[in-house]
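predicted model, plus sequence, below.
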Amino acid sequence: MRRLGLFLASACLCACTATPWETYDETSYAAVMDPTDEAVAEHIALLEKWVAGPAEDVPAGIPVELAYWLAKVGHTEEARKLFEAEIVRYPHAEKYVRMLMNLVLPLVAPEPKP
């Protein structure tokens with residue numbers, strides 16, 4: 001009986017703690033498949049909330065995705081800062097992130113030479 005009580009308590013805690021993953025698929029799909037201003041804004045809001053949380057809770061690539069969407073709606077400076085922050089956090093991904101920057105942002109400075 002005690003185990004059942006612990007199970008129910010932990011299930012309640014899990015159910016009460018919302019994570020961005022719970023709505024990520026839904027908002028991402030809507031933003032890509034039917035990119036209305038509302039759908040894109042909703043997905044951006046979800047990503048911003050995620051990125052604003054503790055750094056250890058932000059999966060690699062989420063700031064880059066947010067940067068993509070921000071650039072798409074014209075917030076290029078915010079996007080550039082997110083790309084650069086991802087490079088600092090994951091230096092091994094620098095070439096890939098810079099490639100994405102060059103695809104998404106106009107007139108990005110060239111990749112630094114070693």
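Received, thanks.

what does stretch 91-106 contact?
Applying Cβ atoms under 8 Å, 6 or more residues apart in numbering, the set of residues contacting stretch 91-106 from outside is 60, 64, 67-68, 71-72, 76, 79-80, 83, 86-87, 90, 108, 111. Where you see a C-beta, it was placed from the backbone N, CA and C, and this is true even at glycine.

from those residues, which is closest to Ala39?
Checking these against Ala39 with Cβ to Cβ, the nearest one is Lys72 at 12.1 Å.

quick one on the thing from earlier: list just the nearest of the contacts of stretch 91-106 to Thr19.
Nearest to Thr19 among those, with distances taken as Cβ to Cβ, is Ala60, at 16.3 Å.

residues contacting the closest one?
Shown in contact with Ala60 (Cβ under 8 Å, 6+ apart): 86, 89-90, 93.
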